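In: how would this look folded up:
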Amino acid sequence: MRHQKMEMDEKKRKKWDVQRIRQIREHERLEMKQLEREIAHREDVIETFEPDIDDMLRIEVCDTVPVSAFGMLVPTISESEFSLPWYTPEPKGEDQQQRRTRSRAIRK
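Out: As a prediction, the model looks like this:
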């Protein structure tokens, strides 16, 4: 009877140890899997659209800085007032003003 309690306690502890070791191994396995995914993802990412330095043929020096987007040079746009070619604001007529006034009155 005296030893039985200690044996049961020892079995519990052994069971917990096995469970803990299993959890640690599973955690390590998942960490390795995540690390492999990150490495594969890094290989897929394009870091620059510029060509390799080894492939360079010439160096051009100019006063302006060229801007590139998605590997293509962005054209220089002259400074002007903002406008949309398909939109021309028209003055509001009296009928639109009256409709808005009536709709507000109905809501209240």
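
In: need phi/psi at L35.
Out: Main-chain torsions, L35, degrees, to the nearest 10: phi -60, psi -40.

In: all helices for this protein, in order.
Out: All helices of the chain, identified by DSSP state H, fall at 2-44, 94-107.

In: and those: which comes nearest F70?
Out: If you check each of those against F70 by Cβ to Cβ, helix 2-44 wins as the nearest, at 17.0 Å. Heads up, the C-betas are built off the backbone N, CA and C, glycines and all.

In: chain center to the closest one: distance?
Out: Chain-centre distance of helix 2-44: 32 Å, with Cα atoms, centre = their mean, to the nearest Å.

In: same question, stretch 80-93
Out: Here the centre of stretch 80-93 is set off from its chain's centre by 36 Å, with Cα atoms, centre = their mean.

In: can you tell me the average pLDDT over that stretch?
Out: In this model, stretch 80-93 carries a mean pLDDT of 78.

In: quick one: low-confidence parts of this protein?
Out: Applying pLDDT under 70 to the chain flags the ranges 1, 44-47, 49, 92-108.

In: one more pass at 90, please.
Out: For the chain, the stretches flagged by pLDDT under 90 are 1-6, 37-108.

In: would a markdown table of the helices of the chain with mean neighbour count and distance to P51 be doable?
Out: Formatted as a markdown table, the helices of the chain follow (neighbours: other Cβ atoms under 10 Å; distance: least, Cβ to Cβ, whole Å):
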| stretch | mean neighbour count | distance to P51 |
| --- | --- | --- |
| helix 2-44 | 10 | 19 |
| helix 94-107 | 9 | 57 |
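
In: closest one to W86 among the ones you listed?
Out: W86 lies closest to helix 94-107 among these, at 20.6 Å (Cβ to Cβ).

In: show me the one of the helices of the chain that comes nearest S68.
Out: helix 2-44 (21.3 Å).

In: including distance to D63, could the helices of the chain go into JSON lines?
Out: Listed next are the helices of the chain as JSON lines, based on distance: least, Cβ to Cβ, whole Å:
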{"stretch": "helix 2-44", "distance to D63": "37"}
{"stretch": "helix 94-107", "distance to D63": "51"}
